[in-house]
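# Need coordinates for the following:
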Amino acid sequence: MKGMRPVYIILTLLFLVSCAKITEEKRARKAKENYAEAMAEYRNGEYGDAARKFREALRFMDYLTPQQIENARFLMGKSYYLDKDYVNAIVALEDYIFHYPKLHRTEEAYYMLIDSYIKVSPDPYRDQEYTWKAIDKAKEFLARFPKSEFAHKVQELIEKAYTKIAKHEYLIARFYEEYGYPYSAALRYRELLINFSQYIPEEEVAFRYIRALINTDIQAERAKDTIRDLIRKARESLKDVKPGEREAVKRRIEFLKNELKRWDRIKEEALREAKEILGKYKEVYGETVYFKELQRLLREKGWKS
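Here you go, the predicted structure:
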């Protein structure tokens with residue numbers, strides 16, 4: 001039996017090598033079959049199935065040629081994009097651009113990626129992180145491929161993205177205004193007029209900006225009521241705090257008093273700014289209904305022209 005042992009070991013090794021060979025052959029066959037099926041699905045317009053087949057083929061990329069790997073990565077991203085599966089398109093296209101930053105098809109991959117970021121972004125009522133991501137990618141594209149055939153389309157996507165962000169900022173400003181925070185609204189309207197003037201109804205936003213400034217006293221008084229209540233509670237707490245804590249409470253009271261003064265300054269400066277801008281508003285838009293409404297509001301606040 002001892003003489004049989006080396007033979008047994010050799011046979012076992014031969015068996016394992018044979019199994020490994022079969023496995024390798026199977027993997028190679030799977031790579032080729034999935035790639036061929038993916039190409040057929042893509043040509044037939046079955047983009048969802050094509051994307052899945054390309055993904056399967058890339059699991060065995062060791063058995064594909066470099067050209068097939070590049071093609072599979074590109075067409076997988078494009079298939080997801082054409083199938084309107086924008087989340088997976090983003091992942092696949094980002095991967096393609098990372099591996100092939102200088103190919104001609106990289107320009108198209110960028111365009112699809114930027115458009116996917118815009119389309120995966122939620123409506124203007126919600127956070128626009130992905131819309132900003134699209135703008136960042138678009139600027140990156142234009143810096144790298146300024147003469148690309150896709151440059152004009154990418155520029156159009158930038159305009160679309162900024163329009164969406166402007167709408168988002170406008171809706172936030174409206175929300176603040178309608179819920180009694182006119183000063184917060186005014187700050188948002190100001191940003192819109194400075195940075196997004198070409199993407200908004202400028203006359204209306206300027207009207208809302210001035211009106212929010214005029215009504216800043218509403219938010220100021222609300223804030224001051226809250227601060228006065230905090231001062232009252234702090235003063236009451238002085239009776240019970242330990243001697244070592246009294247100075248901290250007194251410093252808090254002084255800070256809150258300064259906050260009262262700060263809101264008084266904000267209110268005064270906002271009204272002064274509203275008066276100054278109103279004259280320019282008249283020069284640009286004339287004595288419109290908006291202008292007359294702003295005049296009326298100022299008179300209510302005790303300002304006489």
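# how is the chain carved up into domains?
21-85, 101-172, 182-300 (automatic domain parsing).
# for those, which one sits closest to Ala92?
Across the domains of the chain, Ala92 has its closest neighbour in domain 21-85 (3.6 Å, Cβ to Cβ). (Each C-beta comes from the backbone N, C-alpha and C, glycine too.)
# Out of the domains of the chain, which is closest to Glu94?
Of all the domains of the chain, the one in closest proximity to Glu94, counting by Cβ to Cβ, is domain 101-172 (6.5 Å).
# Quick check: mean pLDDT of that closest one?
Model confidence over domain 101-172, given as mean pLDDT, is 93.
# Next, the distance between the ends of that domain.
As for domain 101-172, its first-to-last residue distance stands at 38 Å under the measure Cα to Cα, to the nearest Å.
# hang on, the earlier thing: can you put the domains of the chain in CSV and add distance to Asp95 and mean neighbour count?
Compiled in CSV, the domains of the chain are given as follows (distance: least, Cβ to Cβ, whole Å; neighbours: other Cβ atoms under 10 Å):
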stretch, distance to Asp95, mean neighbour count
domain 21-85, 7, 18
domain 101-172, 10, 18
domain 182-300, 32, 16
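# now those as CSV including distance to Val91?
Rendered in CSV, the data for the domains of the chain read as follows (distance: least, Cβ to Cβ, whole Å):
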stretch, distance to Val91
domain 21-85, 8
domain 101-172, 10
domain 182-300, 30
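# For Leu58, which residues are in contact?
64, 69, 72-73, 76 (Cβ atoms under 8 Å, 6 or more residues apart in numbering).
# Which of those residues scores worst on pLDDT?
At the low end of pLDDT for the contacts of Leu58 is Leu64, which has 90.
# Now the nearest residue to it once chain neighbours are set aside: which helix or strand?
What sits nearest to Leu64 in space, not counting adjacent residues and going by Cβ to Cβ, 6 or more residues apart in numbering, is Ala31, at 5.4 Å. Assignment of secondary structure by DSSP states H and E places Ala31 within helix 5-43.
# what element comes up after that helix heading to the C-terminus?
helix 47-58.
# Let me see the backbone angles for the closest residue to Phe54 other than its chain neighbours.
The shortest distance from Phe54 to any non-neighbouring residue, by Cβ to Cβ, 6+ apart, is to Met76 (3.7 Å). Reported as degrees, to the nearest 10, the phi and psi values for Met76 are phi -60, psi -50.
# Asp127 now?
Main-chain dihedrals, Asp127, degrees, to the nearest 10: phi -60, psi 140.
# How about the contacts made by the spatially most central residue of the chain?
Centroid-nearest residue in the chain, with Cα atoms, centre = their mean: Glu129, separated by 1.4 Å. When the contact criterion is Cβ under 8 Å, 6+ apart, the partners of Glu129 are Ser121.
# Please repeat the previous calculation with a cut-off of 10 Å.
Residues touching Glu129, when contacts are defined by Cβ atoms under 10 Å, 6 or more residues apart in numbering, comprise 117, 121-122.
# where's it relative to Lys119, distance?
14 Å (Cβ to Cβ, to the nearest Å).
# Would you list the phi and psi of the closest residue in space to Tyr117 that isn't next to it in sequence?
On the basis of Cβ to Cβ, 6+ apart, the spatially nearest residue to Tyr117 that is not a chain neighbour turns out to be Ala134, at 3.7 Å. The phi and psi torsions at Ala134 (degrees, to the nearest 10) take the values phi -60, psi -40.
# Quick check, Ala134 in contact with Glu156.
No - using Cβ atoms under 10 Å, Ala134 is not in contact with Glu156; the gap is 12.0 Å.
# For these two, list the residues in contact with both.
Residues touching both Ala134 and Glu156 (Cβ under 10 Å, 6+ apart): Asp115.
# quick one, longest helix in the protein?
Taking DSSP state H as the assignment, the helix of the chain that covers the most residues is helix 243-285.
# what about the nearest residue to Leu113 once chain neighbours are set aside, neighbour count?
Setting aside the residues directly before and after it, Leu113 is nearest to Leu93 in space (Cβ to Cβ, 6+ apart), at 4.1 Å. Burial of Leu93 is recorded as 30 neighbouring residues (other Cβ atoms under 10 Å).
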